[in-house]
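Peer 1: the following block contains a protein sequence and its predicted model.
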Amino acid sequence: MKNMVLQSEGFTIDNYNFPPFTVEKGEYLSLLFSDPIDFIVEKKLYKVLSGLIHNNQVKIFEKITPVIEPVLKFKISFFSGKKAFNYLKNNTEYSTERIKAILEDLKIDPATNIYSLGGSQRKLLSLEVAYNQSKNIVISTSGLDYSGIERIKERITKELKEGCLVEINYLNSKGRDYLLNDPTLVRKSVKVTLL
C-alpha cells in the first residue's frame, strides 16, 4: 500500500458507471469512455479523482492534480490580458528563469494572451501548473491535436516514474488509442459504461 495513490471500489457520476480500479506510483490508468463526455461530467470526474468532491467509494492516498486548461469565455477572454508568463508565475512556484525556459521549450512567447493559444498549448501550460503541485495527475485527451499529444507524451514520460497518470480517453479516438504506448510503463485500462 505504500505506493498506492488512488483506489476505487466502483462509483457513478451522473449516468456513468466506473468499475473498481487501483493506481500506484509509476502506473498509468486509462478510463475509456465509448463516446466523448460533456465537460460537466469531466469536471465532476476531476473533482472526485482529486478529492475535491468526497466519494465514499474512492480513496485517495496522495495528492492528485487535474490538468485543467484555461477555458475561453466569449467576449472577455481575448481582452483579458492574461499572458502566458503571468499564468505560470501566478499558478506555480517556478522561478522566472524556469518559466522563461518552459515557455521557450513550448515555443510560446511570454507576452502571448493565453486565450489566443490553441487547446494543446493551453493544456501544455496547465500540465506545467499541475506538475508543480503534484507528480500524480488526471488529464483528458479532449481538445488535443496530434502535435499536442506528442508534446504531452514527452512531458508525462519524464515525470511518470515519480507519480501516476489517470487519463480520460475515448474508445473512438482514431489514431490515438492511448496517450502513452511505452511498453516499459505499467498501463491499465477500465471501460466506463452508461447506466
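Peer 2: The structure has been received and is ready for your questions.
Peer 1: mind giving me the domain split of the protein?
Peer 2: Residue ranges for the domains of the chain, per automatic domain parsing: 1-64+134-195, 72-133.
Peer 1: could you redo these as CSV and give each row mean pLDDT and mean neighbour count?
Peer 2: From N, CA and C alone the C-beta is placed, and that goes for glycine too. As requested, the domains of the chain are exported to CSV (pLDDT from 0 to 100; neighbours: other Cβ atoms under 10 Å):
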stretch, mean pLDDT, mean neighbour count
domain 1-64+134-195, 86, 16
domain 72-133, 88, 16
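Peer 1: who touches the residue nearest the centre of the chain in this structure?
Peer 2: In the chain, the centroid-proximal residue (Cα atoms, centre = their mean) is residue 139; its distance is 1.9 Å. The contact partners of residue 139, taken as Cβ atoms under 8 Å, 6 or more residues apart in numbering, are 66, 67, 123, 127, 130, 152, 156, 165, 166, 167, 168, 179.
Peer 1: state the helix or strand in which it lies.
Peer 2: Per DSSP states H and E, residue 139 falls inside strand 137-140.
Peer 1: roughly how far is the next helix or strand after that strand from the heart of the chain?
Peer 2: Per DSSP H and E, the first helix or strand lying C-terminal to strand 137-140 is helix 146-159. In terms of Cα atoms, centre = their mean, to the nearest Å, the centre of helix 146-159 is set 11 Å apart from its chain centre.
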